[in-house]
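**Student:** let me see the structure of the following:
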Amino acid sequence: EIETEDYGVTFYDINSYTYLYVGEVLYDEGTSARQIAEEVLDSLSAEAEDGTFVIFEETPFSVPTGDDAYLVCLEFVDSEGYYQWVLDLETIDGESNVYFFLSGEDPEDYMLYRELIEVIGASFSR
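**Tutor:** I've put the predicted structure just below:
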């Protein structure tokens, strides 16, 4: 299923509760992709509440456009036992932040989607 918003689109796999959200947000000139990724981490950490929160990877990322890009891969279990993995790729050029947020519930799907984020990053263009 596909859902559109003003500055984004979400692709849902209704069979696996996996989704990819692609969006654009404007930030102040000079904001880095890492700063944006840290805001996302803070938000997800708060969502995990008293559960577990594990970051697998947090690293600068290369995209063909040369944008400042940053990738975060993590998993968390909230206080009620709900498991979720997340792949967040932030790209920023000037004021424009285009991001790719992949999330799912099945831990066995994580590596498949980790490969997908590589493909997305390698094919990114503005």
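**Student:** so where is the protein shaky, pLDDT-wise?
**Tutor:** Counting by pLDDT under 70, the chain shows no low-confidence range.
**Student:** quick check, central residue of this protein?
**Tutor:** Among the residues of the chain, the one closest to the centroid is Asp88, at 1.8 Å (C-alpha atoms, centre = their mean).
**Student:** could you find the closest non-adjacent residue to that one?
**Tutor:** Val72 (4.7 Å; C-beta to C-beta, 6 or more residues apart in numbering). C-beta coordinates here come from the backbone N, C-alpha and C atoms, glycine included.
**Student:** who is the one you found paired with across the strands?
**Tutor:** Beta-bridge pairing for Val72 (DSSP bridges): Glu58, Asp88.
**Student:** was I right to think it contacts Tyr99?
**Tutor:** No - the pair Val72 and Tyr99 does not pass the contact test of C-beta atoms under 8 Å, sitting 10.6 Å apart.
**Student:** overlap in contacts of the two?
**Tutor:** Asp88, Glu90 (C-beta atoms under 8 Å, 6 or more residues apart in numbering).
**Student:** now do the contacts for the residue nearest to the centre of the chain.
**Tutor:** Here Asp88 is in contact with Ala37, Val40, Leu71, Val72, Cys73, Tyr99, Phe100, Phe101, Leu102 (criterion: C-beta under 8 Å, 6+ apart).
**Student:** how about 6 Å then?
**Tutor:** If you count contacts by C-beta atoms under 6 Å, 6 or more residues apart in numbering, Asp88 has them with Val40, Val72, Phe101.
**Student:** what secondary structure does the first one sit in?
**Tutor:** Spelled out, that is Val40. When classified by DSSP: H, G, I helix; E, B strand; the rest coil, Val40 comes out as helix.
**Student:** for it, which non-adjacent residue is spatially closest?
**Tutor:** Using C-beta to C-beta, 6+ apart and skipping residues adjacent in sequence, the residue nearest Val40 is Asp88, 5.2 Å away.
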